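Q: one predicted model, sequence on top.
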Amino acid sequence: MSLLPETGRRVEQIAVRAQAQGRTPSLALGVVRDRAVLHQVFAGEHPRPDAKTQYRLGSITKTITATLVLQLRDEGFFALDDLLYRHLPGTPIGNVTLRQLLGHISGLQREPDGAWWERTTGGDVDQLLARLGYDKVAGPPFRRYRYSNLAYGLLGAVLERVTGETWATLAGKRVLDPLGMKRTTYAPVEPFARGYVVHELDGSLHEEPRLDAGAMAPAGQLWSTITDMAKWAAFWTDPAPTVLARETVDEMCAPVVIKDLESWTAAHGLGPQLYRAGERVYVGHTGSMPGYVAQLAVHRRSRLGVIAFANSYGLTGTTIKEVALEALTAVIDAEPVAVTPWQPPVPPTGEAALLVGRWWWMGREYEIAPDGDGVVMTGPQHRSRFVRETPDQWRGVEGGNEGEVLRILRTDEGGVAALDIATFVFTRDPARLA
């Protein structure tokens, strides 16, 4: 499975141009679908990378931290609307919720106290908490989007306190190992790309130290490869139930806050960032640490994703996000959509047989058809899917009536008189208007 030749050439052009014009020592870019790398481009000689060369993920690490939080929420360790001080008692900034921390709407400032954490050896959780003060609250929760690395350091502290295990241990055994991400590690493992600052004037390379972020590791510590990140990209389109249920991943990908209220091109979910490119929305995250930038972007509907790494602290004239989104958009635009072969429907049985066919509401026609273990209702600019809960009661699980109840209304003789969906009554009679 691979890209069309002309699509591959377009992706190569985007990546090679970004490496050359962006003046980065090396750049690696992979196009992935369903855990498979469809196409990869490697540009630059410092080092000459391949699919197994590690780069630092930076804040893409936050998507793994968020996954751990949602795992433990699903297992009953806490609720997302728990206040922070419930799990970190004594903290002076405890009056924010885990949900607010995940979505960067807690009001906390961007960084913890002390020296720039990305270029210093981090301390432990106790040291992080000891440095907290009221001055780290920059504004009230929910007032606006405010990206906060500190928020994810605190989420990591919560994970450690409620489980008694380190964040690194939790990430390994709960996410990386189940997904087979063996080359995603806490510290770099050869072969890995050294990270640099490229001097603006003479282009000289200045290698950056690779330090342990300590208690801030949940915000940006991990290292990974194109091959491993293909598995992480696939997780967002086809979640592994051993890690998270699909419903939970869908919850994470729903916007918590719109970042730019004028243009609506970016938002943040419960961990992932959301990017709008034309009429499409991609999920993923940008990452940067001294000497590195990275980008994960996934289009969930097409199951396509792009991973991009560079070993410099930024690209001249562009960003790693722009490079990845341009490549992903080019692939989706050019590649043919897979067509699912038509299969004759399985005849409905039981109550489903009573629901299928034409229904009318306020002079408008709707149709119900069988769909696997449920039924689908379609009508004017409308689609809803229902599954049976109890006799005469079906629950909307997708579409405009998600969460709503469809009730079968019976005649005195036990036949079907009508359908009641959230107080809207549908009948077989096209003349009925109420």
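A: Noted; the coordinates are in hand. Numbering: from 1, shown residues only.
Q: a strand runs through Glu367, doesn't it?
A: Yes. According to DSSP: H, G, I helix; E, B strand; the rest coil, Glu367 belongs to a strand.
Q: what's the burial count for it?
A: 12 (other Cβ atoms under 10 Å). Quick note: C-beta positions are derived from backbone N, CA and C, even for glycine.
Q: now for this structure, the helix or strand with the poorest mean pLDDT.
A: The helix or strand of the chain with the poorest confidence is helix 125-130; it has a mean of 86 (mean pLDDT, DSSP states H and E).
Q: list the contacts of that helix.
A: With contact meaning Cβ atoms under 8 Å, 6 or more residues apart in numbering, helix 125-130 is reached by 88, 90-91, 112, 122, 153-154, 156-157, 160-161, 214-216.
Q: Thr63 touches Pro272, doesn't it?
A: Yes. If you go by Cβ atoms under 8 Å, Thr63 and Pro272 touch, sitting 5.7 Å apart.
Q: overlap in contacts, the two.
A: What both Thr63 and Pro272 touch, as defined by Cβ under 8 Å, 6+ apart, is the set 284-285.
Q: I'd say Gln393 and Arg407 touch.
A: Yes. Using Cβ under 8 Å, Gln393 is in contact with Arg407, at 5.7 Å.
Q: so if I had to pick from the two, which one is more boxed in?
A: Arg407 (16 against 13).
Q: so the more buried one touches Pro391, yeah?
A: No. Counting by Cβ under 8 Å, Arg407 stays clear of Pro391, with 10.4 Å between them.
Q: next one: Thr390 from Ala422, what distance?
A: 17 Å (Cβ to Cβ, to the nearest Å).
Q: please disregard the earlier target; I meant Gly291.
A: 55 Å.
Q: more neighbours: which of these two?
A: With neighbours defined as other Cβ under 10 Å, Gly291 and Ala422 compare such that Gly291 has more, 27 against 11.
Q: what's near enough to touch the more buried one?
A: Gly291 neighbours (Cβ under 8 Å, 6+ apart): 56, 194-197, 207-208, 210, 311-313.
Q: please repeat the previous calculation with a cut-off of 7 Å.
A: 195-197, 208, 311-313 (Cβ atoms under 7 Å, 6 or more residues apart in numbering).
Q: likewise Gly305?
A: Applying Cβ under 7 Å, 6+ apart, the residues near Gly305 are 32, 233, 296-298.
Q: outline the domain layout of the protein.
A: 5-334, 351-426 (automatic domain parsing).
Q: distance from the helix or strand that the least confident helix or strand of the chain is followed by to the middle of the chain?
A: Per DSSP states H and E, the first helix or strand lying C-terminal to helix 125-130 is helix 149-163. Here helix 149-163 is found 19 Å from its chain centre; the criterion is Cα atoms, centre = their mean, to the nearest Å.
Q: packing partners of helix 149-163?
A: The contact analysis (3 or more Cβ pairs under 7 Å, 6 or more residues apart in numbering; DSSP states H and E) places helix 149-163 against helix 61-74, helix 98-102, helix 125-130, helix 167-171, helix 217-220.
Q: list the contacts of the following helix or strand past the last one.
A: In the C-terminal direction, the helix or strand that comes right after helix 217-220 (DSSP H and E) is strand 223-224. Outside of strand 223-224, the residues within contact range by Cβ under 7 Å, 6+ apart are 54-57, 183-185, 188, 192.
Q: hang on, the earlier thing: so how far is the least confident helix or strand of the chain off the chain centroid?
A: 29 Å.
Q: pLDDT weak spots in the stretch 101-250 of the chain?
A: Under the criterion pLDDT under 70, the flagged ranges of the stretch 101-250 of the chain are 115-117, 138-139, 142.
Q: any idea of the pLDDT on the residue nearest the centre of the chain?
A: The centre of the chain sits closest to Pro272, judged by Cα atoms, centre = their mean, with a distance of 3.7 Å. Confidence at Pro272, expressed as pLDDT, is 98.
Q: got it, and Glu262?
A: 87.
Q: does it belong to a helix, a strand or coil?
A: Here Glu262 is recorded as coil under three-state DSSP.
Q: cool, and Pro347?
A: Applying three-state DSSP: Pro347 is coil.
Q: and Ala20, by the same measure?
A: Reduced to three states by three-state DSSP, Ala20 is helix.
Q: circling back: mind listing which of the contacts of Gly291 are in strands?
A: 196-197 (DSSP state E).
Q: now restrict the contacts of Gly291 to buried residues only.
A: Among the contacts of Gly291, those classed as buried by 16 or more other Cβ atoms under 10 Å are 195-196, 208, 311-313.
Q: I'd like the residues you listed as a markdown table, with distance to Val331 appended.
A: Compiled in a markdown table, the buried ones among the contacts of Gly291 are given as follows (distance: Cβ to Cβ, whole Å):
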| residue | distance to Val331 |
| --- | --- |
| Gly195 | 27 |
| Tyr196 | 29 |
| Glu208 | 32 |
| Asn311 | 24 |
| Ser312 | 25 |
| Tyr313 | 27 |
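Q: can you tell me which of those residues is closest to Ala267?
A: Tyr313 (25.9 Å; Cβ to Cβ).
Q: beta partners for Val197?
A: Partner residues in beta bridges with Val197, using DSSP bridges, are His206.
Q: make sure it is actually in contact with Glu207.
A: No. With contact defined as Cβ atoms under 7 Å, Val197 does not reach Glu207; the gap is 8.3 Å.
Q: quick one: residues contacting the residue nearest to the centre of the chain.
A: Pro272 touches 63, 252-253, 283-285, counting by Cβ under 7 Å, 6+ apart.
Q: now do the same contact list for Glu398.
A: Glu398 touches 384-385, counting by Cβ under 7 Å, 6+ apart.
Q: any idea which element it lies in?
A: Going by DSSP H and E, Glu398 is in strand 393-399.
Q: same question for Ala418.
A: strand 416-421.
Q: ditto for Gly284
A: Here Gly284 is assigned to strand 280-289, by DSSP H and E.
Q: report all helices and strands that that strand contacts.
A: strand 273-277, strand 292-299, helix 320-334.
Q: pick the most buried one from these.
A: Stretch with highest mean neighbour count among these: strand 292-299 (a mean of 27; mean count of other Cβ atoms under 10 Å).
Q: show me how far that one is from its chain's centre.
A: 11 Å.
Q: one more: stretch 306-314?
A: Taking mean C-alpha positions (Cα atoms, centre = their mean), stretch 306-314 and its chain are 19 Å apart.
Q: so for it, what's the average pLDDT?
A: 96.
Q: just the C-alpha atoms of that stretch, please, in PDB.
A: Output in PDB follows, covering the C-alpha atoms of stretch 306-314 (Å, rounded to 0.1, in the frame of the first residue of the first chain):
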ATOM      1  CA  VAL A 306       1.300  12.900   8.800                       C
ATOM      2  CA  ILE A 307       4.200  12.900  11.200                       C
ATOM      3  CA  ALA A 308       7.000  15.400  10.800                       C
ATOM      4  CA  PHE A 309      10.200  15.900  12.800                       C
ATOM      5  CA  ALA A 310      13.100  18.400  12.500                       C
ATOM      6  CA  ASN A 311      16.200  18.700  14.700                       C
ATOM      7  CA  SER A 312      16.400  22.400  15.000                       C
ATOM      8  CA  TYR A 313      14.500  24.800  17.300                       C
ATOM      9  CA  GLY A 314      12.200  26.000  14.600                       C
END
